[in-house]
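Participant: sequence and predicted structure below; questions after.
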Amino acid sequence: MEAYLLDWANLLLRWLHVIVAIAWIGSSFYFVFLDNNLLAPTAEDLKKKGVDGAMWAVHGGGFYNPQKYMVAPQGGIIDSKLHWFYWESYSTWLSGFALFSVLYLWNAGTFLVDRQVLDWSPVAAGVTAVAFLVVFWFVYDAICRVFGFRQNGERTVAGLLIVVVGFAAWLACHLFAGRAAFLIVGAMLATTMSANVFFWIIPGQRKVVDAMTSGKPYDPESLAIHGKRGKQRSVHNTYFTLPVLFAMLSNHYSFLYSHPQHWLVLMLMMLAGALIRQFFVQRHGWHLGRAANPWPYAAVGVAVILGVIAWMKPAPVAQAAAPAKVDYAALQPVVAQRCYMCHGEAVQMKGIRLDSQEGLTAHAQQVYQQVVVAKLMPLNNATGITDTERAMFATWFNGLGK
C-alpha cells in the first residue's frame, strides 16, 4: 500500500510541478521578449507619463499595448490592479522539492546511494543533497554581490559560475548515483532561481512600489539599484532555464548519467543550453539593431551538442554469452536474486510483482525494456546484475511464444 500511495504522490506532484513550471518559464520568456522589443515612445503623452518603452502586439483577436516605466509612472499613480509575478516561481520550487522529497529523500538508500560510487548512509546522502541546494545559493549570491556591478562584472560572474557549477557537477557525480547527481545539480540551479525571486526581485519591487505609492518624496537613484539588481537576477534566471530543464529530463536517459565522465556530459550540455538561450535573447535585440547577430551562440551551442554526441558514441562490445534457450526455470534464480527485493511478495514498486511465472510473463515487455534495452533496472544496479544475466533476460523474452 505504501508503494502504491507513493506512486500516486509522485504522479500528482510531478503533474503539478510541470504545470507551474510551464507558467513560470512562460512568464520569464515573455518578459525577456518584452525587454528586448520595447521601443522608446515618440508620442508626447507617453513621454510625459514617464514611459521608457512601449510596443503594440496582437493576440487572440485583441490588441495589446504594453508600456514600461523604469521607476514609476508619473505621479506614482497605478489606477488598476498591480499584478505580481512570484507565485509561479514559489509553486514550482515547492512542488519540485516535495517531489524530490517523496522520490529521492524518502528512498535515499535506493535513489541517492550507489555503493559502487560511494558507500555511505542514506541519511548522510539526503542531508548532503539538500546541502547542495543551500550552499550553491550562498556561493552564487556572494559572487553576484561582490562582482556583479563592477566593470565587466557580468562576464566575471558568468566565468566564476561556470567554474562553480562545473565543480558541483563533478562533486555530485562522485557522491551520488548518476541519475540523482544530474537531478541534484538541476535542483541546485532551480533553487537559486526561486531564491532570486524570493530574496531579491520581489522585495526590491515592493520597496519601489511602496515608495511611489506612499505620496512621500523619494530619490529615484536610490530606488534604481533595486531595479538593477532585480534585472540582473532575472537575466540570470533565464540563462539557468535550459540547463535546468536538461538536468531534469536527463533522468529518463540512462546513457547520459551512466557514462564514465557523466559530470562532463552534464556540464557540456548545460553550457550548450545556456548558449542557445543567449541566441534567443540576443535575437530580439538584433532584429531592432541593438545587438550583433547572435548566430555564433547558436552555432557554438549546437557544435557542443554534436561534439558530445560524437564523443559518447558507444564502442562495439562483444555480447555477453547466454544459453541458446532460457526458460522460466533457468531465469527464476536470477529474478529472485536481482528483482524480488523491489518486485516480490514484500514490496511491489510501481505495482509490479515478478515472483511468479505468471507475473513475470505479464510484465515481460516492461522487464525486457528496463533490464535489457535501457539497462535502468535494477536501479543503480543495487543488486549487482551481470551482463550475462541481462543476456539471459533477452534470450528468455525472445523465446516467449515460440
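Facilitator: On my side now, so go ahead. Numbering: from 1, shown residues only.

Participant: state the distance from residue 323 to residue 332.
Facilitator: According to CB to CB, to the nearest Å, residue 323 and residue 332 sit 14 Å apart. From N, CA and C alone the C-beta is placed, and that goes for glycine too.

Participant: wait, residue 306
Facilitator: Distance of residue 306 to residue 332, given as CB to CB: 45 Å.

Participant: between those two, which one's more packed in?
Facilitator: residue 332 (15 against 11; other CB atoms under 10 Å).

Participant: so who does the more buried one touch?
Facilitator: residue 357 (CB atoms under 8 Å, 6 or more residues apart in numbering).

Participant: and for the one 10 residues further on?
Facilitator: Listed by CB under 8 Å, 6+ apart, the contact partners of residue 342 are 110, 348, 349, 378, 379.

Participant: where does the most centrally placed residue in the chain sit, in terms of helix or strand?
Facilitator: When CA atoms, centre = their mean is applied to the chain, the residue found nearest the centroid is residue 244 (2.6 Å). Residue 244 is part of helix 220-249, with elements assigned from DSSP states H and E.

Participant: so which elements touch that helix?
Facilitator: Packed against helix 220-249, as judged by 3 or more CB pairs under 8 Å, 6 or more residues apart in numbering; DSSP states H and E, are the following elements: helix 2-37, helix 122-147, helix 178-196, helix 202-213, helix 262-287.

Participant: in TSV: the ones you listed, plus mean neighbour count and mean pLDDT.
Facilitator: Output for the helices and strands packed on helix 220-249, formatted as TSV (neighbours: other CB atoms under 10 Å; pLDDT from 0 to 100):
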stretch	mean neighbour count	mean pLDDT
helix 2-37	16	86
helix 122-147	17	97
helix 178-196	25	96
helix 202-213	16	84
helix 262-287	20	93
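
Participant: turn those helices into TSV, including distance to residue 79.
Facilitator: Below are the helices and strands packed on helix 220-249 laid out as TSV (distance: least, CB to CB, whole Å):
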stretch	distance to residue 79
helix 2-37	21
helix 122-147	35
helix 178-196	30
helix 202-213	11
helix 262-287	29
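
Participant: quick one, domains of the protein?
Facilitator: Domain assignment for the chain by automatic domain parsing gives 2-37+71-76+83-311, 328-399.

Participant: residue 54: which of those is closest?
Facilitator: Residue 54 lies closest, by CB to CB, to one member of these: domain 2-37+71-76+83-311, at 10.0 Å.

Participant: distance from the chain centre to that closest one, please.
Facilitator: When distances are taken as CA atoms, centre = their mean, to the nearest Å, domain 2-37+71-76+83-311 is centred 7 Å away from the chain's centroid.

Participant: show me the contacts for residue 362.
Facilitator: Applying CB under 8 Å, 6+ apart, we find residue 362 in contact with no residue.

Participant: can you pull out the helices in the stretch 251-400 of the chain?
Facilitator: 254-257, 262-287, 295-311, 328-338, 340-343, 357-362, 364-367, 387-399 (DSSP state H, counting those that start in this stretch).

Participant: check which residues of the fifth one are buried.
Facilitator: Of the residues in helix 340-343, those buried by neighbour count under the rule 16 or more other CB atoms under 10 Å are 340, 342, 343.

Participant: for residue 238, state which of those is nearest.
Facilitator: Within these, the smallest distance to residue 238 is 39.9 Å, found for residue 342 (CB to CB).

Participant: do you know how far that closest one is from residue 222?
Facilitator: With the distance defined as CB to CB, residue 342 ends up 60 Å from residue 222.
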